[in-house]
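A.B. asks: Provided below for reference: sequence and predicted model.
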Amino acid sequence: LDLIKTLYPPELWNIYGVHCSDGENYVSDNERAVNAYKELVEIANLVGFVEIKSGGAWSTIGNSLREAIKDPHFQVVKIKERDQVWPRFIDFMNCDKKYRE
């Protein structure tokens, strides 16, 4: 957020943010993380949280983001296997096209 605000003003740049994670996050930090994502969604063209995890349920941060941010310019994506990486990123980027047309 600081870099965007100082070096890449949204009125001059198209902002795309993607955070890839295994989903590990301190539960006590989830609210702060969700608030940072909300702020980023307000200024970016498209924002994503990509959870890379071979199986199981969503992480607590993945669930928190999915529940807290209902915006077409925010996507939460889960990747379970290596061959899903590129198709899931294409799906993610196509979300921007849907809302720009």
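C.D. replies: That came through, no problem.
A.B. asks: now the strands for the protein?
C.D. replies: 16-21, 46-52, 74-79 (DSSP state E).
A.B. asks: Save the ones you listed as TSV, and put in mean neighbour count, mean pLDDT and distance to Lys5 too.
C.D. replies: Glycine gets a C-beta too; all of them are placed from N, C-alpha and C. Listed next are the strands of the chain as TSV, based on neighbours: other Cβ atoms under 10 Å; pLDDT from 0 to 100; distance: least, Cβ to Cβ, whole Å:
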stretch	mean neighbour count	mean pLDDT	distance to Lys5
strand 16-21	14	92	13
strand 46-52	22	93	15
strand 74-79	20	92	19
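A.B. asks: need these in TSV with distance to Trp58, can you?
C.D. replies: Output for the strands of the chain, formatted as TSV (distance: least, Cβ to Cβ, whole Å):
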stretch	distance to Trp58
strand 16-21	11
strand 46-52	7
strand 74-79	7
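A.B. asks: Stretch 85-97 - what's its average pLDDT?
C.D. replies: Stretch 85-97 comes out with an average pLDDT of 84.
A.B. asks: Ok, stretch 22-36 next?
C.D. replies: 91.
A.B. asks: among the strands of the chain, which is nearest Asp2?
C.D. replies: strand 16-21 (12.8 Å; Cβ to Cβ).
A.B. asks: hey, C-alpha coordinates of the closest one in CSV?
C.D. replies: Provided in CSV are the C-alpha atoms of strand 16-21 (Å, rounded to 0.1, in the frame of the first residue of the first chain):
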residue,chain,number,x,y,z
TYR,A,16,-3.0,-5.5,-9.8
GLY,A,17,-2.1,-7.2,-6.5
VAL,A,18,-1.8,-10.9,-6.0
HIS,A,19,-0.6,-12.5,-2.7
CYS,A,20,0.3,-16.1,-2.9
SER,A,21,0.5,-18.0,0.5
